[in-house]
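Peer 1: need coordinates for the below:
(2 chains)
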Number of protein chains: 2
Amino acid sequence: MALRCCVVEQTRLDTARIQAARRVIDPIFLDTPLYLCEALERDLGCTVSIKLETANPVGSFKARGTEVVASLLADNGSRAVVCASAGNLGQALAWSGRSRGLDVTVVASRFAPAAKLDRIRALDARLELVDGDIEMARERAAAVARYDGIRLVEDSLDIETCEGAATIGLELVDTVPSFDAVLIALGGGALATGVGHVVKALAPEVEVICIQPLGAPAMTLSWRQRRVVTTDTTNTIADSVAGRHPIPEVLDDLLLVADDTVLVKEASIIAGMRMLLDRAGLVAEPSAALGIAAILEDLDRFAGQHVLTIVCGNNVDVDAYHRWVGTAPIHTS
Amino acid sequence: MALRCCVVEQTRLDTARIQAARRVIDPIFLDTPLYLCEALERDLGCTVSIKLETANPVGSFKARGTEVVASLLADNGSRAVVCASAGNLGQALAWSGRSRGLDVTVVASRFAPAAKLDRIRALDARLELVDGDIEMARERAAAVARYDGIRLVEDSLDIETCEGAATIGLELVDTVPSFDAVLIALGGGALATGVGHVVKALAPEVEVICIQPLGAPAMTLSWRQRRVVTTDTTNTIADSVAGRHPIPEVLDDLLLVADDTVLVKEASIIAGMRMLLDRAGLVAEPSAALGIAAILEDLDRFAGQHVLTIVCGNNVDVDAYHRWVGTAPIHTS
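Peer 2: Coordinates of the predicted model:
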């Protein structure tokens, strides 16, 4: 445990700074519901607690980070900010920026879910679409920042985005009874390294398991090979975690805090979304069902355990969501 | 305002007792999410805040009341308790009783949603089904209580059920900015009189509007005629609020705290459920969509206002829910 604490000390995160971050985040995003969902137990063979990050004005956990960023920018007298986003960060930054008088530009893929793009626009942000994926959006956002001379928010690389996400971890570790494992969606890595840092610092006995779709495995492959591995394409419905170019600094942190990384099939993600709807009455976007998908793919591993999964977003296109969940109810043996 | 305060003093509720009730309710049911849902604004023409009472172990607000009941029973050394339930009270009493070592019997209609009945059983309660509606279940529960010599919990009549629900009101009134109106599902009346009492005591300028389905209008007709009006049948998908025999004491309180009562069509309830799913990513059971249904039926009345609606339950049968919400997305002009 002493060793583990030393290891965690080597991440870019700092527990005291994460505690300080809580104080600049609008309370509407903090102290989110955390509860045991017994209706999931029978199908999954384990005790499942839900940490719900969707019942807020932007429908995802991302505002925890953008609140920290926007608060610092406002304190420094900044007027404008730009980010690339798969859709959720953009909404969150638009919300946090608007309430502090910042001009927000979001660069996104034109293939991002229409609901996410609509909601970014509705929050008064300037939305610029690129004819490519999130990696192209990241390049374009960097160019906008250079051209306009404004702050570029880089999700997972910028420490504030990790610290904001890490505040979820603070809300997990003082729970009694504690968990055997925490299941975290893995995309750019802010959520996984943020929550992972706090869990390993304050409850090191809890297993930190990060989950990615088989169709977007770059960060998982990087973690396994302990070096950055990129992919040429992605192929997943989990748009929020579909990056191809892991950030080296984030990988370094992930190597220190993740006990395991798991890749799951698309069918399992869909089954997870349906199970959350049918059993828990929760709308989850695909990335938010990765934890349930991981349990479904390895029931033996989690049998009898108490696992926690973070339902991290509920921003879906209605038509797609009905296609995924709208057929006959799930039946597991 | 002084007059209004005096009027509220005449209800069976007491604000100090409601504040005390908070202290015996498991915190997992308290301080639930309350947030502005901008995505609803465009369709509804008003600002809508959501008070979400579904992200907890029983999927409805009812545990606030059963926690108060079960806590008192445990303090008094009681061993058993019985209630009639449309499904949500039974789950809540089963949860609250189990954690305090009470034997819980729930009497319900065999026509209640299967998901609700399954979840009552899963919480270790004894479930007895009657071949009739909630009114027959109430009679049977009373008979069980007499025969077994155990406490009968009567929803809305027993002051603890109202005080528990009223704790929601405490969480509404210290919100800034305040609301123009609070939209509350009206069934037996615990939620409406509980929240209504607190709102009228502490924020009397806020309009308290109670909503019932046209197919189950007994309490609304009673409020309008200022005397108990019963109906022979009900015909609504909103199973949680489908009573026929209003309780006189509850009607007296409702007459003191409700500014208006509204009856809505089944089609509006379904449209409300779909709008909460499509725009807000929320699963609402029919009774939890009554507030949105009321706005949809009278857009002019609420135009430009800031209204709050309590999403009070999410326990639905999956097949029925898919039938209600599973078709093409809503399009409003």
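Peer 1: so, low pLDDT: which residues of the stretch 201-333 of chain A?
Peer 2: A:327-333 (pLDDT under 70).
Peer 1: quick one, strands of it?
Peer 2: A:207-213, A:260-264, A:306-311 (DSSP state E, counting those that start in this stretch).
Peer 1: for the ones you listed, give me a markdown table that also has distance to chain B.
Peer 2: (C-beta placed from N, C-alpha, C; glycine too.) Shown next, in a markdown table, are those (distance: least, CB to the nearest CB, whole Å):
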| stretch | distance to chain B |
| --- | --- |
| strand A:207-213 | 20 |
| strand A:260-264 | 22 |
| strand A:306-311 | 9 |
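Peer 1: a markdown table for the ones you listed, including mean neighbour count and distance to B:Ile18?
Peer 2: Compiled in a markdown table, the strands of the stretch 201-333 of chain A are given as follows (neighbours: other CB atoms under 10 Å in any protein chain shown; distance: least, CB to CB, whole Å):
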| stretch | mean neighbour count | distance to B:Ile18 |
| --- | --- | --- |
| strand A:207-213 | 26 | 41 |
| strand A:260-264 | 20 | 46 |
| strand A:306-311 | 25 | 31 |
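Peer 1: redo the ones you listed as CSV? Include distance to A:Asp300.
Peer 2: What follows is these, written out as CSV (distance: least, CB to CB, whole Å):
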stretch, distance to A:Asp300
strand A:207-213, 15
strand A:260-264, 14
strand A:306-311, 13
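Peer 1: closest to A:Thr167 out of these?
Peer 2: strand A:306-311 (12.1 Å; CB to CB).
Peer 1: circling back: A:Gly291: which of the strands of the stretch 201-333 of chain A is closest?
Peer 2: The closest of the strands of the stretch 201-333 of chain A to A:Gly291 is strand A:306-311. By CB to CB, the value is 3.1 Å.
Peer 1: phi and psi next, for the residue nearest to the spatial centre of chain A.
Peer 2: Residue closest to the mean C-alpha point of chain A, counted by CA atoms, centre = their mean, is A:Leu191 at 4.7 Å. Dihedral pair for A:Leu191: phi -70, psi -50, per degrees, to the nearest 10.
Peer 1: secondary structure element holding the spatially closest residue to it that is not a sequence neighbour?
Peer 2: Leaving aside its chain neighbours, A:Leu191 sits nearest to A:Ala165 (4.6 Å; criterion: CB to CB, 6 or more residues apart in numbering or on different chains). Element membership for A:Ala165, per DSSP states H and E: helix A:159-173.
Peer 1: which outside residues touch the helix or strand just after that helix?
Peer 2: Downstream of helix A:159-173, the first helix or strand assigned by DSSP H and E is strand A:181-185. With contact meaning CB atoms under 8 Å, 6 or more residues apart in numbering or on different chains, strand A:181-185 is reached by A:172, A:191-192, A:195-196, A:199, A:206-212, A:238, A:240-241, A:287-288, A:290-291, A:294-295, A:302, A:305, A:307-310, A:312.
Peer 1: what about the helices in the stretch 1-150 of chain A?
Peer 2: Secondary structure of the stretch 1-150 of chain A (DSSP state H, counting those that start in this stretch): helices located at A:2-9, A:15-22, A:41-44, A:63-75, A:88-98, A:114-122, A:134-148.
Peer 1: just these: most buried one?
Peer 2: Most buried of the helices of the stretch 1-150 of chain A by mean neighbour count (mean count of other CB atoms under 10 Å in any protein chain shown) is helix A:88-98; its value is a mean of 29.
Peer 1: can you tell me what sits against that helix?
Peer 2: For helix A:88-98, using CB under 8 Å, 6+ apart, the contacting residues are A:26, A:57-60, A:62-63, A:65-67, A:69-71, A:73, A:81, A:83, A:85, A:102-104, A:106, A:108, A:116, A:119-120, A:123-125, A:127, A:153, A:155, A:161, A:240, A:313, A:315.
Peer 1: what residues does chain A have near chain B?
Peer 2: Proximity of chain A to chain B, by CB under 8 Å from any CB of the partner chain, involves residues A:28, A:31-39, A:42, A:50, A:52, A:54-57, A:59, A:119, A:122-123, A:277-278, A:281-283, A:314-316, A:318-319, A:322, A:326-329.
Peer 1: please repeat the previous calculation with a cut-off of 6 Å.
Peer 2: A:28, A:33, A:35-36, A:52, A:55-57, A:59, A:278, A:281, A:283, A:314, A:318, A:322, A:326, A:329 (CB under 6 Å from any CB of the partner chain).
Peer 1: so who does A:Val228 touch?
Peer 2: The contact partners of A:Val228, by CB atoms under 6 Å, 6 or more residues apart in numbering or on different chains, come to A:Ser222, A:Pro246, A:Pro248, A:Leu251.
Peer 1: I would like the residues contacting the helix holding A:Ala165, please.
Peer 2: Contacts for helix A:159-173 (CB under 6 Å, 6+ apart): A:12-13, A:17-18, A:21-22, A:64-65, A:68-69, A:155, A:190-191, A:193-195, A:197-199, A:202-203.
Peer 1: could you redo the last one with a cut-off of 7 Å?
Peer 2: Outside helix A:159-173, the residues within contact range by CB atoms under 7 Å, 6 or more residues apart in numbering or on different chains are A:12-13, A:17-19, A:21-22, A:25, A:30-32, A:34, A:51, A:53, A:61, A:64-65, A:67-69, A:72, A:155-156, A:182, A:190-191, A:193-195, A:197-199, A:202-203, A:308, A:310.
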